[in-house]
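Asks: Just need the structure, nothing else, for what follows:
(one chain, ligands or ions: 1)
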Amino acid sequence: MLKFPKGFLWGAATSAPQSEGHATSNGKTPTTWDKWYELDPTKFTKNQGPENTSNMYDMYREDAKLMPQVGMNSFRTSISWARLLPDGQTVNPEAVAFYRSYFEELHKNKVKPIINLFHFDMPWWLMEKGGWEARESVEAFAFYAKTAFELFGDLVEMWTTFNEPIVHVECGYLYGYHYPAIHDFKKAIQVGYNTIMAHTMAVKNFREMKAKGQIGIILNVSPCYSRGETEGDKLAAKQADLLNTKSFLDPAVLGQFPQELVDLLKENELLPTTQQGDKEAVSTNTVDFIGLNYYQPRRVQEPVQKLVGKATDPSDFYAPYVWPDRKMNVYRGWEIYPEALYDVAMMMKNDYDNMPWFVSENGMGVAEEERFLDDETGMIQDDYRIEFMKEHLEQLHKGIEAGSQCFGYQTWTFVDCWSWLNGYTNRYGFYRVELDNNYKRTMKKSGLWFKELSETNRLK
Ligand code: BGP
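Replies: Down below sits the predicted model:
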């Protein structure tokens, strides 16, 4: 029996664009997702677009009641920037009423809200001005953050600025999965840099306002495991770590960019354009806590082709490596490696001043989950998900025992929700959602399991 620290947060996470619905109504203006869908719905699996979510905009009252039934004492979602500030300046009163009421319902049900500001959903009005490529976005985000702190600060004690900021950098500017789907390493670096500055300026506003509570950022990190011990493989792992982990974690927690990353970018003529005062702002506006999303490890090896000239892609620095001994989530095509969670815990303890952190996403996506539906109980028998959580929690517990300050564990996700280009292919929720039956929610077996875990604060 493994006991977790007193007051441990147990919960689940989602985001505004994946769960709310009403994507282009109730005063909200489009984001890049809405526009992209309008331009080319065929890009989206089964044509399931961003309007097709689990409808929490209409159902949040019932949903808040469902949360404690699966043991959730915390819930992370995001505010939609384009809903709160449809033109970037003017506050949408409908959005204020909606979010206030939503957060109040969470409190009524003893569910602690953790509120994030940006989850891949760039407002179209800002994309038209260049999105994260444009320095203007830093100011715009800082204003949005300040507005949110002012409007909801009495209801929210834990804020985060971004969810997985490297995703909009990579997927939008290198790999084609997010709008604008271009390939330009230099632009990608600039987008990443502006994102960090936007985060920094939001934290600065938070501090200057003397807002109550704490502020952090959510990153998807995994230790980078090298294929072998050759110099080439080790260098590849180091560079992958610099680009994917330290690029965001170091400025957020330690208040500076790693010198080795700066040198690497300089050598390759990839350094972003900066502004006077940036360095100081980064150093004085570090976070109170970190959220870490973990699904799968990153394994790398030396690239087959030696770099000639300047790098034009991260693959010039490292190549993916598939570990032959891996255990797989066959449904999602991901390696399952719970040990990484212990390594992450040790990384936070040893390399990041033992900063408090929590697992802000961990979960198992399963395709065609209906096949596990049990007619008698009406419940999806998701024993695979229980096993997945259990083995990750064992490693997390080991890390906590070793002194890492992890204060919570949130899964992805509460109710099955829409996912970017994948639509509803992979289900992750504690509750199954029936899209063609008024979004009916039905608890899965993992919900019952999680309730006992949370109530006893012990893993059996
Ligand atoms: C994380 C994102 C989530 C969610 C999750 C599951 O990286 O923060 O938004 O989508 O991954 O991934 P997917 O839906 O692609 O299976």
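Asks: Look up which helix or strand Trp33 falls in, please.
Replies: Here Trp33 sits within helix 32-39, counting by DSSP states H and E.
Asks: what about the helix or strand that that helix is followed by, distance to the chain center?
Replies: Remark: after helix 32-39, the chain's next helix or strand is helix 56-69, criterion DSSP H and E. Put simply, helix 56-69 sits 21 Å off its chain's centre (Cα atoms, centre = their mean, to the nearest Å).
Asks: C-terminal to helix 56-69, what's the next element?
Replies: Past helix 56-69, the next helix or strand by DSSP H and E is strand 74-78.
Asks: which neighbours does that next one have in its sheet, and in what orientation?
Replies: strand 9-13 (parallel), strand 112-118 (parallel) (DSSP bridges).
Asks: chain center to the longest one: distance?
Replies: Going by Cα atoms, centre = their mean, the spacing between the C-alpha centre of strand 112-118 and its chain's C-alpha centre is 11 Å.
Asks: Show me what the helix or strand following it is packed against.
Replies: Where DSSP H and E defines the elements, the next helix or strand beyond strand 112-118 is helix 124-127. The contact analysis (3 or more Cβ pairs under 8 Å, 6 or more residues apart in numbering; DSSP states H and E) places helix 124-127 against helix 32-39, helix 136-152. For glycine as for every other residue, the C-beta is placed from the backbone atoms N, C-alpha and C.
Asks: Any chance of TSV for the ones you listed, columns distance to the ligand?
Replies: Converted to TSV, the helices and strands packed on helix 124-127 look like this (distance: least, Cβ to the nearest ligand atom, whole Å):
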stretch	distance to the ligand
helix 32-39	11
helix 136-152	18
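Asks: secondary structure class for Phe358?
Replies: strand (DSSP: H, G, I helix; E, B strand; the rest coil).
Asks: In contact with it, which residues?
Replies: Leu9, Phe289, Ile290, Gly291, Leu292, Cys406, Phe407, Gly408, Tyr409, Gln410 (Cβ atoms under 8 Å, 6 or more residues apart in numbering).
Asks: and the gap between the nearest residue to the second one once chain neighbours are set aside and Leu421?
Replies: Read it as Phe289. Spatial nearest neighbour of Phe289, chain neighbours left out: Gly216 (4.1 Å); criterion: Cβ to Cβ, 6 or more residues apart in numbering. Gly216 sits at a distance of 28 Å from Leu421 (criterion: Cβ to Cβ, to the nearest Å).
Asks: Settle it for me: which of these two has more neighbours?
Replies: Taking other Cβ atoms under 10 Å, Gly216 and Leu421 do not tie; Gly216 has more neighbours (27 against 16).
Asks: hmm, who's touching whichever helix or strand that one is part of?
Replies: Under the criterion of DSSP H and E, Gly216 resides in strand 214-220. With contacts defined as Cβ under 8 Å, 6+ apart, strand 214-220 is touched by 76, 116, 157-167, 199, 202-203, 206, 245, 248-249, 252, 287-295, 360-361.
Asks: Out of the residues you listed, list just those in strands.
Replies: Members of these lying in strands (criterion: DSSP state E): 76, 116, 158-163, 289-293, 360-361.
Asks: what residues are up against the residue of the chain found nearest the ligand?
Replies: For the chain and the ligand, the shortest gap (Cβ to the nearest ligand atom) falls at Ser419, measuring 3.1 Å. Contact analysis of Ser419 by Cβ under 8 Å, 6+ apart lists Gln18, Gly365, Thr425, Asn426.
Asks: Please name the nearest non-neighbouring residue to the first one.
Replies: When the adjacent residues along the chain are set aside, Gln18 lies closest to Cys417, with 4.4 Å between them (Cβ to Cβ, 6+ apart).
Asks: Before I go, just wanted to say thanks for your time.
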